[in-house]
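Just to be clear, the model below is a prediction. Sequence and coordinates:
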Amino acid sequence: MSVNPFPEMDSVSTAEPEPSPFDPIPRGEPVPDWEEARIVWKSTWNIHVYGFATIFLLFTIFSTYRFLKLYSFKAARMSNGYQLKLGLYIAICLFSLLRSLVLFTDAYNSWNIFPPILAKVLWSLAYPCLIGAFTVLLAVLLATTNACHRGKSLASSYKHGIGMGCCLLGYTALVVTADWAVMYSQRSIFLLVLCQVIFIAWGTIVMIGYASIACKITRDLSRTPLNVDRGLLRSFARLLCVCSVIGGICILMKFYAAVSTFSSRSESEDSPQPWRWLAFETTQRAIECSMCLLLILITGRADRKREILVVPKIMCNGITIISGLESGTVLKDIRLKDKQIIH
């Protein structure tokens, strides 16, 4: 029987290496056990992934088409909020493109095709695009309605989109930094908290803005000229209300996801139940698709060339006149009718 003269070498060689504090560790939202979950979901998983991926891809194609169509319409370049509408289509395109890319290639990083950090960043970058799209649309509506209150219009502070661009770039940089830092250090979790707080607060302000504009339009319908289609304005106000409500639901679900993530980390819970997790993610994707659809519908009303594109222009003195996004033939006919009525 041989005796090892260096027993300490065996203990060193068989001991597992200690994990380095600089090694990336997935610390995102809790996910189920993928192998077990796929067996439970069966074909439902493929329907969820490829169904929403296809929808987001269609949004990408359609928003690109609308962007090119608006950009090629030279007469619209003199309209109010033209640059903001272009920025809106870019934001919708980026959001839907990121969602479709991740879902088609490595949905929720379930196949580990992407490194954890890259998968997290690609998924999180969609949120600045979403909140940016709604902010740009709010600026378009403010520029269109000229909703002022004893002073200059709110949209004037965002002229040429410089203010919004700086805010969005700062928020995007914070999101990427938070995802990167949390992967390496649990102490950086406060950055995720900060991102969630900014998203919720920013989104709440934007949704309140939509509801406020809808209330202004509805309130001033009684003072709108008779030759203006009030049904069109009323449906436009309802569309803004729906947009505000769905945006509010999205913010609540984001808050719930944040609370669930942090509570699961503090309580060291096991993986979430597969069906519960899939139902929550399906609801989130459905809300995101609804928000993209509403953004396109609302903006599409401002890109038609020969239809009446008017909303109440609320002046500081309380007088309601008609403001058109584009000077089409219909709008000129309305002005001629107004002159005939005055004479």
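Nice, thanks for sending it over.

Poorly predicted segments of this protein, please.
Using pLDDT under 70 as the threshold, the predicted model of the chain has low-confidence ranges 1-28, 76, 78-81, 143-161, 224-229, 261-270, 301-343.

Please enumerate the helices of it.
If DSSP state H is used as the criterion, the helices of the chain fall at 7-14, 34-41, 43-72, 82-106, 116-124, 126-145, 162-184, 189-219, 230-267, 274-300, 329-342.

Save those helices as CSV, and put in mean neighbour count too.
Quick note: C-beta positions are derived from backbone N, CA and C, even for glycine. What follows is the helices of the chain, written out as CSV (neighbours: other Cβ atoms under 10 Å):
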stretch, mean neighbour count
helix 7-14, 8
helix 34-41, 14
helix 43-72, 16
helix 82-106, 22
helix 116-124, 19
helix 126-145, 24
helix 162-184, 16
helix 189-219, 17
helix 230-267, 16
helix 274-300, 17
helix 329-342, 12
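
Residue 30 - how many residues pack around it?
16 (other Cβ atoms under 10 Å).

What are the phi and psi values at it?
Listed backbone geometry of residue 30 is phi -60, psi 140, with angles given as degrees, to the nearest 10.

Start the count at 203 instead of 1 going forward.
All right, first residue 203 from here; so that's residue 232.

isn't it right up against residue 478?
No. Using Cβ atoms under 8 Å, residue 232 is not in contact with residue 478, being 10.8 Å away.

Nearest residue to residue 484 in space, please, no chain neighbours.
residue 250 (5.8 Å; Cβ to Cβ, 6 or more residues apart in numbering).

ok, now which ones touch that neighbour?
With contacts defined as Cβ atoms under 8 Å, 6 or more residues apart in numbering, the neighbours of residue 250 are 243, 480, 483-484, 487.

ok, now with 10 Å
Residues in contact with residue 250 (Cβ atoms under 10 Å, 6 or more residues apart in numbering) are 243, 305, 309-310, 480-481, 483-484, 487.

could you dump those to TSV with distance to residue 286?
Formatted as TSV, the entries for the contacts of residue 250 read as follows, by distance: Cβ to Cβ, whole Å:
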residue	distance to residue 286
243	42
305	29
309	33
310	33
480	37
481	36
483	32
484	32
487	27
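
ok, which pair from those is furthest apart?
Between all members of these, the longest pairwise span (Cβ to Cβ) is found for 305 and 481 and amounts to 17.0 Å.

wait, isn't residue 436 in contact with residue 424?
No. Between residue 436 and residue 424 no contact is recorded; they are 11.5 Å apart, counting by Cβ atoms under 10 Å.

show me what contacts the spatially closest residue to residue 261 that is not a sequence neighbour?
Spatially, and ignoring its direct neighbours in sequence, residue 261 is nearest to residue 298 (3.8 Å; Cβ to Cβ, 6+ apart). Shown here is residue 298, whose contacts under the criterion Cβ under 10 Å, 6+ apart are 255, 257-266, 328, 331-332, 335, 490-491, 494, 498.

One more: residue 476?
Taking Cβ under 10 Å, 6+ apart as the contact definition, residue 476 lies against 233-236, 238-243, 246-247.

Distance check, the residue nearest to it when sequence neighbours are not counted against residue 309.
If you skip the residues right next to it in sequence, residue 476 has residue 239 as its closest partner in space, 3.9 Å away by Cβ to Cβ, 6+ apart. If you measure residue 239 against residue 309 using Cβ to Cβ, to the nearest Å, the figure is 12 Å.

anything in contact with each of those two?
With the criterion set as Cβ under 10 Å, 6+ apart, the overlap between the contacts of residue 239 and residue 309 is residue 247.
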